[in-house]
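Asks: Give the three-dimensional model of this entry:
(one chain, ligands or ions: 1)
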Amino acid sequence: MKEQILSQISTECPWRDTLYWYDTIDSTNTRAKALAKDGAPAGTVLIAGNQTGGRGRMGRSFSSPAGMGVYLSVILRPGCKGNQLMHLTCAAAVAACKAVEKASGTLPGIKWINDLVCGKEKLGGILTEMSVNSDGFVDWAVVGIGINCCQKKTDFPTELQDMATSLLLQTGTPISPALLAACLTESLYKIDKILLSQKQQLMDIYRRHCVTLGQKILVVRGEESAYGEALDLDEDGGLLVRLSDGTEKVVNSGEVSIRGMYGYV
Ligand code: BTN
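Replies: Now for the predicted structure:
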């Protein structure tokens, strides 16, 4: 499988040389974090055929059955302060959309902040984790992306069947996880090169793909929730919301999740 992936990554992409394949692993993000702590270089890419403990945002799990999807994490060392990297998940979402379009012809939307969607269903997700030192500098960041490729509806856990989709379901054609993994690696490499220098442009692309804007949403923070309308994004990817009492506030992804009023998106 590793050879199949490498054969589809341009020789111009140096991340080819630090790409690791795992038939099965608990979580590529968990392993990437351990490698980053041990000094693995920026551009170390981990791809798995199966995750037994795939993780999502806010402590959720990410269903990662064998051979059905792409489960990929990459270590970044952007050499900046943590507060300059708040847009990392948004930049990774832009990279993922481009890769999915290249591999399958389908351009997903983005449900703020980290979900790739097709219509009202979830195609994949992004989990970014980072370590910031006592001076505020980022030691390392790990971007993990999971995309459903080959599932039929019945391949998803019952509780996800109404809200999950795959590229097979969207296109009617089997999309090779190896091709998508190669496209994702290249796409993330390109975005990493412009991560700090073209932040504004990346956020503009994210804004265009973000299906949440203009929607009536439910903002959920722990046990509390409030209805509102998603108005815009700030330069760091924070979501500007007008709440039903008329007040406007920026909500950040660390604190809240959102729901559409008529379902998951
Ligand atoms: C989410 O849905 O909230 C994010 C899902 C992120 C899943 C990917 S799969 C590769 C990497 N390893 C993980 O354990 N999680 C991410």
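Asks: if I look at residue 18, how far off is residue 70?
Replies: When distances are taken as Cβ to Cβ, to the nearest Å, residue 18 and residue 70 turn out to be 18 Å apart. Every C-beta, even on glycine, is put in place using the N, C-alpha and C of the backbone.
Asks: again, but for residue 110
Replies: With Cβ to Cβ as the criterion, residue 110 and residue 70 are 17 Å apart.
Asks: ok, which residues in the stretch 51-200 of the chain are in contact with the ligand?
Replies: Within reach of the ligand by Cβ under 6 Å from any ligand atom, the stretch 51-200 of the chain has these residues: 51, 54-57, 60, 62, 71-73, 114, 125-127, 144-146.
Asks: Just the residues you listed: which are in strands?
Replies: Among these, the subset assigned to strands under DSSP state E consists of 71-73, 125-127, 144-146.
Asks: Just among those residues, which is most surrounded?
Replies: Among those, residue 145 has the most neighbours (other Cβ atoms under 10 Å), with 31 neighbours.
Asks: Beta-bridge partners for that residue, please?
Replies: Beta bridges link residue 145 to residue 72, residue 126, judged by DSSP bridges.
Asks: Go ahead and confirm it touches residue 115.
Replies: No. Taking contact to mean Cβ atoms under 8 Å, the distance of 11.2 Å between residue 145 and residue 115 leaves them out of contact.
Asks: okay, and the common contacts of these two?
Replies: Here residue 145 and residue 115 share the contacting residues 124-126, scored by Cβ atoms under 8 Å, 6 or more residues apart in numbering.
Asks: still on that earlier bit, which of residue 18 and residue 70 has more neighbours?
Replies: residue 70 (31 against 16).
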